[in-house]
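**Student:** return a 3D structure for these sequence lines:
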Amino acid sequence: MSDAWISFTELQRMGPEVLRARISEQPQEAARWVEAAALNGLVNAQIAWGQMLVDGHGVRRAPEAGLRWFAVAAGAGSAEGTNMVGRCHELGWGVPADATEAARHYRRAADAGHGWAQFNLATLLLDGRGVPADRHEALAWYARSARRGNAKAMTMVGRFLELGWDRPARPSAALRWYRRGAEGGDYRGQFDHARLLLELGGGLDEALPWFARSIESGVPAFCRNVGAGLRAAPEPTLRWLALRALERACESGEPQDLRIHAAALAEGLGGFPDPQGAARQFERARMAEAALRLRAVEPEPAKRRVRRGLPARLMTRLRRMAGRAGGFRSGSQFS
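**Tutor:** Okay, here's the model as predicted:
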């Protein structure tokens, strides 16, 4: 790690995204410098240090401590810190999950113009979690977040326009918003853009690259659903993409995902059967199931009894040292 990276001046100039990228390069080495910068009052470092503690990234996981650092940043006036306090309350990081408390922090940060807080608040309003459901207000917050460049919010505006929640559906306008989300890197926007292109009579050649990009960047649960949705498509290229989606879903490590992919290989979903590949995946599924059964029957490790004071052997040594130094006084820091 270079001296420029660890200089306080350099840390002050780094934005949150750059700081997170630098931390990911060498998280364990970065931890001490990020902590030091946080202790010195650098708000970006306080938020980064809080996230490292919540995730256990480069440091032992301690979500309660992470929440405290987010609160410190929020107390310094950081909308990002306030948003992260809301995330802790929504997801139960270091505190019991409480959507109402999460919404309170999200709203404060959203009012300050924080794009992700606006998105998070909109999602609670859409779902009616912690706040009364209000689609109209949710759309307003999604639109504000989208104007700040949030690609996921752009996709959600497209969804409102396509489904016509509380207003007439406008699929052509939805397609434009989906494309903005897709170009911004949101994998759901990429999929929805490709899907709606086909539904509105667009060309398969234009849709295929967007389907492929969504599969490569999506999380396993998303890929599982995409694979299930595309495997019955009449076009061979879409069925091949379904196989790729099911393969990516296997990154979850779940036995069921491995079995579904194995069955797709056996039936030739990608164009021709692959019995050897199917056999390998079925074997991985069996191994994963065995590991789950083993974990289910393993006894929990015995809790270590917490000692008050210092261990007995260390106490004995200290008493001997104190005796040689002129006697051990009852009531000292070692008693």
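**Student:** the host helix or strand of residue 294: which residues count as buried?
**Tutor:** Here residue 294 sits within helix 275-297, counting by DSSP states H and E. Using 16 or more other CB atoms under 10 Å as the test for burial, helix 275-297 gives 277, 278, 281, 282, 284, 285, 288. Where you see a C-beta, it was placed from the backbone N, CA and C, and this is true even at glycine.
**Student:** what's the closest non-adjacent residue to residue 100?
**Tutor:** Distances taken as CB to CB, 6 or more residues apart in numbering put residue 130 closest to residue 100, at 4.1 Å, once the chain neighbours are dropped.
**Student:** what's in contact with the helix holding residue 294?
**Tutor:** 250, 253, 254, 255, 256, 258, 259, 261, 262, 263, 265, 266 (CB atoms under 8 Å, 6 or more residues apart in numbering).
**Student:** can you flag the buried ones in those?
**Tutor:** Buried, going by 16+ other CB under 10 Å: 250, 254, 255, 258, 259, 261, 262, 265, 266, out of the contacts of helix 275-297.
**Student:** on that earlier part again, what mean pLDDT does the helix holding residue 294 get?
**Tutor:** Averaged across helix 275-297, the pLDDT comes to 93.
**Student:** then stretch 180-191?
**Tutor:** 98.
**Student:** list of residues touching that stretch?
**Tutor:** Looking at what lies outside stretch 180-191 - CB under 8 Å, 6+ apart - the contacts are 146, 149-155, 158, 178-179, 192-194, 210-211, 213-215, 217-219, 222, 226.
**Student:** of those, buried ones?
**Tutor:** Buried by 16+ other CB under 10 Å: 146, 150-155, 158, 178-179, 192-194, 210-211, 213-215, 217-218, 222, 226, out of the contacts of stretch 180-191.
**Student:** low-confidence ranges in this structure?
**Tutor:** 1-18, 20-22, 298-335 (pLDDT under 70).
**Student:** mind listing what the residue nearest to residue 100 touches?
**Tutor:** 90, 98, 99, 100, 101, 102, 103, 124.
**Student:** can you rerun that using 7 Å?
**Tutor:** 99, 100, 102, 103, 124 (CB atoms under 7 Å, 6 or more residues apart in numbering).
**Student:** burial check on the last one, number of neighbours?
**Tutor:** By other CB atoms under 10 Å, the residues close to residue 124 number 23.
**Student:** now name the helix or strand holding it.
**Tutor:** helix 115-127.
**Student:** where do the helices of the stretch 101-250 of the chain begin and end?
**Tutor:** For the stretch 101-250 of the chain, the helices defined by DSSP state H, counting those that start in this stretch cover 115-127, 135-147, 151-163, 171-183, 187-199, 204-217, 220-230, 236-249.
**Student:** could you dump these to a markdown table with distance to residue 68?
**Tutor:** Compiled in a markdown table, the helices of the stretch 101-250 of the chain are given as follows (distance: least, CB to CB, whole Å):
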| stretch | distance to residue 68 |
| --- | --- |
| helix 115-127 | 19 |
| helix 135-147 | 27 |
| helix 151-163 | 28 |
| helix 171-183 | 35 |
| helix 187-199 | 33 |
| helix 204-217 | 33 |
| helix 220-230 | 31 |
| helix 236-249 | 37 |
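**Student:** out of the ones you listed, which gets nearest to residue 23?
**Tutor:** helix 115-127 (18.4 Å; CB to CB).
**Student:** for the closest one, packing partners?
**Tutor:** With contacts taken as 3 or more CB pairs under 7 Å, 6 or more residues apart in numbering; DSSP states H and E, helix 115-127 sits against helix 79-91, helix 99-111, helix 135-147.
**Student:** out of these, deepest packed?
**Tutor:** Highest mean neighbour count among the helices and strands packed on helix 115-127 (mean count of other CB atoms under 10 Å): helix 79-91, with a mean of 24.
**Student:** by contact count, what packs against that one?
**Tutor:** Using 3+ CB pairs under 7 Å, 6+ apart: helix 79-91 touches helix 43-55, helix 63-75, helix 99-111, helix 115-127.
**Student:** could I get those as CSV with distance to residue 25?
**Tutor:** Listed next are these as CSV, based on distance: least, CB to CB, whole Å:
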stretch, distance to residue 25
helix 43-55, 13
helix 63-75, 21
helix 99-111, 28
helix 115-127, 23
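**Student:** so which of those helices comes closest to residue 200?
**Tutor:** helix 115-127 (24.7 Å).
**Student:** that closest one versus helix 151-163: what angle between them?
**Tutor:** Interaxial angle, helix 115-127 versus helix 151-163 (axes from the mean of the first three to the mean of the last three CA atoms, to 10 degrees): 30 degrees.
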